[in-house]
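Student: need a structure here:
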Amino acid sequence: MEPHSTLVVYATMKMHAQPPKDKVEFEVLMIILRSKQDHGKLKSFIVDKLNMDSGFMVHVKNLKAEVYRAMLTAITCDPASCQIISRSIEDTTLVTSIDAHPTKPWIVTGHEGGNFSIWDYQKKETVMKLQVNEVPDKVTRMIHGVTKYIKETSLGHPVYSVKFTAEGKRLVVGDGRGYIYVYDSTDTKLHEVEKFRAYDKKSVNSLAAHPTKPYLLLSSSSFSRNIKLWDSSENWKFQNFKVKPENTYYVGVHSVKFNPRDTNTFACVTDEDKVKVWNIKTSILETTLKGPFVMADYFFNRGHQHLMVTLKFDAHNSEIWDLKTRKVVHTLSVSGHKTTWVACHPKLPILVTMLDDGTVCLWDASTYRGLRKWFTLPTASVVIWYLSKTQMADPGSLSHLRQ
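Tutor: Take a look at the predicted model:
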C-alpha cells in the first residue's frame, strides 16, 4: 500500500443457521518499509506463502522495517438493506448512455439501435420510447465495419448520449451523425423543440447540462477535438474549447462533466487519456492531469478542496486528486479486484465504485471508509437501489438521502 490509501480485504463467510454472536476479529500485521526496493524484496520472499515461518520475521528484521500488530473487527455487509430494482433490457441493442431525472422517478437510456426510452422505476414501467434514427441495412453496416479501419468513424444511427437538464423540463439527445435533439417533456409526451448539427458526421458521445443554468449545455465527440458550450437563450450559439493533444494521432474527447461546486469550470477526459479542466468564463485551460485515465468525476468533500476521482485503464484502484496541487491525496482499492467504474453523488459525500465481478462499493467520501452496503448487480439490467439507514461518520448528512 502507498501512503494515504485505503485497502479493503473482504471474504465470504460460510452460511450458518445461527450467525456467530461474537465479533469476528482479525490480527493484522503491518510492516512499514523504507523504500519500494525493500518492498520488492519482501514481496519476492513471500511469493505464495500462506503461513509465516520463522525465517519471515528474520527477513523483516534484516530489512530494518517497523512492525506493528493490531486487532481489527470485521464489518459485516448486509445486502438486504439495499432494495435493488432491476429492469431487463427489452431489446438486444447495447445501452450506450444513461441518466436520472432530477425530480421524477425516471431513468432514461440511449440505445445502439437508434432509440431511447424513459423508465419509471417506482411503477416499473416504460413511460416513453422514441425511435430517433432508423437502423441501417445489413450491407451498410458491413461496409462501415470495413471502412472504419481505414478512417475511424462512428455508425450514424445509434443514440450515444442522453441527458436531462438541471430543472428536468427538457431532455437532450446526441446521435452518431452529429445531431443534437432537444425535447420538452411532460408526464406522458415528448415534444421535439430543436434539432441542430453539433459535429459534421461525427458522433455526439457526451453531453453535460449546467447545474444551475438550464440553457447551457456541453457536448463532445470521440472524433473531434472541439468541446462546445451551447447557449439555448442565444439561439444555440456555441463557445468552442479546442483540445490540443501532444500527439496528433489523438483526435477526440471521451466525456465532459461540469463541476457541481464551481459551475464556471468543467472537466473532460481526452482521447490521449488526460483530464483537462477549463473555465467557461475565461476560456482558459486551468488544470491538466496526466493519466492514462478512462473516466473521471468531481469528488464531494466538506472542505474547500476541489477534488476529482479518476480511474485508469485496467486499474486495481481509483485515485483522488487535488486539482489545485495536481497531486494524488488518496487511493481506494479492494484486494484481488480491479475497479471498472467510478461515480460520485453531486450533493452527498458518497463515492460509488464497481469491481470487475460486478460488486458495487459505496464509500464515505469524508473518511474514505467503505460503507456497509455492498452488493452485486444483476447482468444485462438497468439497476436502481435505495439505501436505508446508511451508517456514516455524520448520519445527519444523509437524512434526506432517497436514492
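Student: In this structure Lys163 contacts Val172, no?
Tutor: Yes: checked against Cβ atoms under 8 Å, the pair Lys163 and Val172 is within contact range at 5.0 Å. To be clear about C-beta, it is placed using only N, CA and C from the backbone, and glycine gets the same treatment.
Student: any shared contact partners between the two?
Tutor: With contacts taken as Cβ atoms under 8 Å, 6 or more residues apart in numbering, the residues that reach both Lys163 and Val172 are 207, 209, 217.
Student: Among those, which one has the most neighbours?
Tutor: Leu217 (27 neighbours; other Cβ atoms under 10 Å).
Student: Tell me where this protein has helices.
Tutor: Listed in chain order, the helices of the chain (DSSP state H) span 36-46, 54-62, 138-147.
Student: residues in contact with the longest one?
Tutor: What that stands for is helix 36-46. By Cβ under 8 Å, 6+ apart, helix 36-46 touches 31, 33, 56, 59-60, 63, 65.
Student: Using TSV, please lay out these together with pLDDT.
Tutor: Shown next, in TSV, are the contacts of helix 36-46 (pLDDT from 0 to 100):
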residue	pLDDT
Ile31	88
Leu33	89
Phe56	84
His59	88
Val60	89
Leu63	91
Ala65	92
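Student: Just the buried residues of those.
Tutor: 33, 56, 60, 63, 65 (16 or more other Cβ atoms under 10 Å).
Student: leaving aside the residues next to it on the chain, what's closest to the fourth one?
Tutor: Right, the one you point to is Leu63. Closest residue to Leu63 apart from its sequence neighbours, by Cβ to Cβ, 6 or more residues apart in numbering: Asp38 at 4.9 Å.
Student: Closest one to Val269 out of the buried ones among the contacts of helix 36-46, please.
Tutor: Leu33 (34.2 Å; Cβ to Cβ).
Student: which residues does that closest one contact?
Tutor: 39, 42, 63, 65 are the contacts of Leu33 under Cβ under 8 Å, 6+ apart.
Student: Likewise for Arg170?
Tutor: Per Cβ under 8 Å, 6+ apart, neighbours of Arg170: 164, 182-185, 193, 214.
Student: make it 6 Å
Tutor: 182, 184 (Cβ atoms under 6 Å, 6 or more residues apart in numbering).
Student: again, but for the one 5 residues further on
Tutor: Remark: with contacts taken as Cβ under 6 Å, 6+ apart, Asp175 is in contact with 132-133, 159.
Student: ok, it to Val243 distance?
Tutor: 22 Å (Cβ to Cβ, to the nearest Å).
Student: What of Phe313?
Tutor: With Cβ to Cβ as the criterion, Phe313 and Val243 are 19 Å apart.
Student: Which one's more surrounded, those two?
Tutor: With neighbours defined as other Cβ under 10 Å, Phe313 and Val243 compare such that Val243 has more, 21 against 11.
Student: isn't the more buried one right up against Ser222?
Tutor: No: between Val243 and Ser222 there is no contact under Cβ atoms under 6 Å: 11.8 Å.
Student: where in this protein is pLDDT low?
Tutor: 11-13, 15-23, 49-50, 75-93, 135-156, 245-250, 302-304, 372-373, 375-403 (pLDDT under 70).
Student: what number of residues lie near the residue nearest to His210 when sequence neighbours are not counted?
Tutor: Excluding the flanking residues, the one nearest His210 by Cβ to Cβ, 6+ apart is Leu216, at 3.8 Å. Leu216 has 22 neighbouring residues, counting by other Cβ under 10 Å.
Student: these two touch, right, Leu216 and Ala209?
Tutor: No: judged on Cβ under 6 Å, Leu216 makes no contact with Ala209 at a distance of 7.7 Å.
Student: how close does Val47 get to Lys41?
Tutor: Where Lys41 is concerned, Val47 sits at a distance of 12 Å (Cβ to Cβ).
Student: more neighbours, the two?
Tutor: Lys41 (14 against 6).
Student: what's the distance between the more buried one and Val253?
Tutor: Taking Cβ to Cβ, one finds Lys41 at 43 Å from Val253.
Student: Next up, the contacts around Phe223.
Tutor: By Cβ under 6 Å, 6+ apart, the neighbours of Phe223 are 202, 252.
Student: Ramachandran coordinates for Pro158?
Tutor: phi -60, psi 150 (degrees, to the nearest 10).
Student: Would you check that it makes contact with Glu112?
Tutor: Yes: with contact defined as Cβ under 6 Å, Pro158 reaches Glu112; the gap is 4.5 Å.
Student: which residues does Ser335 contact?
Tutor: Ser335 makes contacts with Val9, as judged by Cβ under 6 Å, 6+ apart.
Student: That one and Thr6, how far apart?
Tutor: Ser335 is 11 Å from Thr6, by Cβ to Cβ.
Student: Equivalent analysis for Ala70, please.
Tutor: Distance from Ala70 to Thr6, by Cβ to Cβ: 16 Å.
Student: next one: Tyr199
Tutor: 40 Å.
Student: Could you identify the most distant pair in the contacts of helix 36-46?
Tutor: Most distant of the contacts of helix 36-46, by Cβ to Cβ, are Leu33 and Phe56, 13.8 Å apart.
Student: For Pro346, which non-adjacent residue is closest in space?
Tutor: Pro260 (4.4 Å).
Student: My read is that the one you found contacts Pro211, right?
Tutor: Yes: between Pro260 and Pro211 there is a contact under Cβ under 6 Å: 5.2 Å.
Student: between the shared contacts of Lys163 and Val172, which is nearest His306?
Tutor: Taking Cβ to Cβ as the measure, His306 lies nearest Ala209 of those, at 20.0 Å.
Student: Excluding chain neighbours, what is closest to the closest one?
Tutor: Thr165 (4.7 Å).
Student: Quick check, Lys237 in contact with Leu229.
Tutor: No: using Cβ under 6 Å, Lys237 is not in contact with Leu229; the gap is 9.4 Å.
Student: Among the two, which residue is more densely surrounded?
Tutor: Leu229 (20 against 11).
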